[in-house]
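Peer 1: Here is a sequence together with a model predicted from it:
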Amino acid sequence: MLEQFHYFYEKLRPERSAELAAAFDITPCGISVVLCDMALSRRYARAALACEKVTSETVIRQMSRLLSLAMQRFDIPAQAVKSVGAAAGTHITALLESALTPTGLFLPPETEIYLLPYISAGIGGRFTAALLTLPEGDFAAADIGAAVCTAVKRGDSLKCAAFPLSGAFDCSALTFGMPAENGAIVSVYSKKDGGLCYSVCGDIDAVGIAPCAAAEAAVLMLRRGTLDAFGILTDRDKFTIGEEIFLTQEDVRALQTDKARCAAALELMRREAEPSARTFLSGEPLAEDGMGALLDIGAVPHELAGAAFCRNAAEQGVINFVVSEKCRQTAHELVMSAEDITHGLLPEFDEMYIKNLEF
């Protein structure tokens, strides 16, 4: 991951009301906040902190800093923020439950704070948020980031599991890794003459590479023969993409590990689901053309090629949660009905992981 943290700001609407909600999505590598206009029922602005480790010791300071900078950038008074919602991993949520206050975010004391409930010690509130975006009925769903979290709903049964990844798919283990924000290389492809091309989010100078583009680069290397099936760079020690941004042998190993772990987790999820159930995937490696690359390298089983997918379902889920009392009730019912079956799946997961290591 890039050593220098970055802030990103985006104003989505020219006007707003005086009733806003702040929806935080907290990952181990950064935080985003969407400022939602509750009176007009739409997003007003978004800000993100990327490439900075988020821990239980730093999270409140980072949330406060990000929100304050966003409110200053978009000229939002503290009195306009009526409520705050946040989704995070289990240990971060447990800390926020006891330590996060409106005044700690430099907001009026009467500001409401809502935290997404977590499913288990290994399945946090971010996955709960992602599940809140799904339609009613049976489904299979997964969120790919620091871990692959999966859920299968069959009638009244909701079975969930979580398997940790090595950091390629959340960008933390890539030398130039960053999320798909402005400045990130989000697509890598070949011209007809064999030359290498890439596109950058925001159409500005490249700063780093997003997981979706790293997966595309692996596909290109495999097709060119510069990467073999065992994950070894055959004629160099790095793959240069441009602007002194490259993938190293260590980056490729992280990609190889995460693709094998992801494939095993998704195959186990697929087996649990009803054949007719719809499948939904989310996560950083699915941004831009990432779904095709994950299929090509074997991170997503080809049986799931028709799945619906997006970059970040959790962000929208937090918005739903903070602005709707009905959605908050649904979230708590969902958590109470969920069963974490990770432990029982581990022996088969380990076997499938080994079988999926080759590209």
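Peer 2: Ah, there it is.

Peer 1: where does the stretch 101-250 of the chain have low pLDDT?
Peer 2: Applying pLDDT under 70 to the stretch 101-250 of the chain picks out no residues at all.

Peer 1: Mind jotting down where the strands sit in it?
Peer 2: For the stretch 101-250 of the chain, the strands defined by DSSP state E, counting those that start in this stretch cover 112-115, 139-144, 147-154, 157-164, 184-190, 196-200, 208-209, 238-242, 245-248.

Peer 1: The residue lying closest to Arg73 once chain neighbours are set aside: helix or strand, and which one exactly?
Peer 2: The shortest distance from Arg73 to any non-neighbouring residue, by C-beta to C-beta, 6 or more residues apart in numbering, is to Tyr9 (5.1 Å). (C-beta placed from N, C-alpha, C; glycine too.) Using DSSP states H and E, the element containing Tyr9 is strand 6-11.

Peer 1: what's the answer for Leu49, then?
Peer 2: Per DSSP H and E: strand 42-50 holds Leu49.

Peer 1: just checking, the residue nearest to Arg73 touches Leu49?
Peer 2: No: contact criterion C-beta atoms under 8 Å: Tyr9 and Leu49 do not qualify, at 10.7 Å.

Peer 1: So which of the two has more stuff around it?
Peer 2: More crowded of Tyr9 and Leu49, by other C-beta atoms under 10 Å: Leu49, with 23 against 13.

Peer 1: Need the pLDDT of the closest residue to Ser282 other than its chain neighbours.
Peer 2: Among residues not flanking Ser282 along the chain, Ala313 sits closest, at 3.8 Å (C-beta to C-beta, 6+ apart). Per-residue pLDDT puts Ala313 at 98.

Peer 1: residue contacts, Ala313?
Peer 2: Contacts for Ala313 (C-beta atoms under 8 Å, 6 or more residues apart in numbering) come out as 129-130, 133, 143, 280, 282.

Peer 1: Quick one: list the elements packing against the longest helix along the chain.
Peer 2: Ordering each helix of the chain by length in residues (DSSP state H) puts helix 249-272 first. Applying 3 or more C-beta pairs under 8 Å, 6 or more residues apart in numbering; DSSP states H and E, one finds that helix 249-272 contacts strand 139-144, strand 147-154, strand 157-164, helix 211-224, helix 290-297, helix 342-355.

Peer 1: Next, the buried residues of the third one.
Peer 2: Within strand 157-164, the residues that qualify as buried are 158-163, counting by 16 or more other C-beta atoms under 10 Å.

Peer 1: To what extent is Ser166 buried, counted in neighbours?
Peer 2: 17.

Peer 1: can you tell me which residues contact the nearest residue to it once chain neighbours are set aside?
Peer 2: Once flanking residues are discounted, Ser166 sits nearest to Thr257: 4.3 Å by C-beta to C-beta, 6+ apart. Residues in contact with Thr257 (C-beta under 8 Å, 6+ apart) are 165-166, 168, 357.

Peer 1: OK, contacts around the spatially most central residue of the chain?
Peer 2: In the chain, the residue lying closest to the centroid (C-alpha atoms, centre = their mean) is Gly283, at 3.9 Å. Taking C-beta under 8 Å, 6+ apart, we find Gly283 in contact with 142-145, 169, 311-312.

Peer 1: Looking at the residues you listed, which is nearest Tyr198?
Peer 2: Distance to Tyr198 across the contacts of Gly283 (C-beta to C-beta) is lowest for Arg311, with 18.0 Å.

Peer 1: returning to what we had before: could the contacts of Thr257 go into CSV alongside distance to Asp203?
Peer 2: Shown next, in CSV, are the contacts of Thr257 (distance: C-beta to C-beta, whole Å):
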residue, distance to Asp203
Leu165, 30
Ser166, 31
Ala168, 25
Leu357, 37
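
Peer 1: can you pick the most crowded of those residues?
Peer 2: In the contacts of Thr257, the most neighbours by other C-beta under 10 Å go to Ala168, 30 neighbours.

Peer 1: Backbone torsions only: list them for that residue.
Peer 2: phi -70, psi -40 (degrees, to the nearest 10).

Peer 1: show me the contacts for it.
Peer 2: Ala168 touches 174, 177, 211, 214, 251, 254-255, 257-259, counting by C-beta under 8 Å, 6+ apart.

Peer 1: would CSV of the residues you listed with distance to Phe239 be doable?
Peer 2: Converted to CSV, the contacts of Ala168 look like this (distance: C-beta to C-beta, whole Å):
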residue, distance to Phe239
Leu174, 12
Gly177, 14
Pro211, 15
Ala214, 10
Asp251, 8
Ala254, 14
Leu255, 11
Thr257, 17
Asp258, 17
Lys259, 16
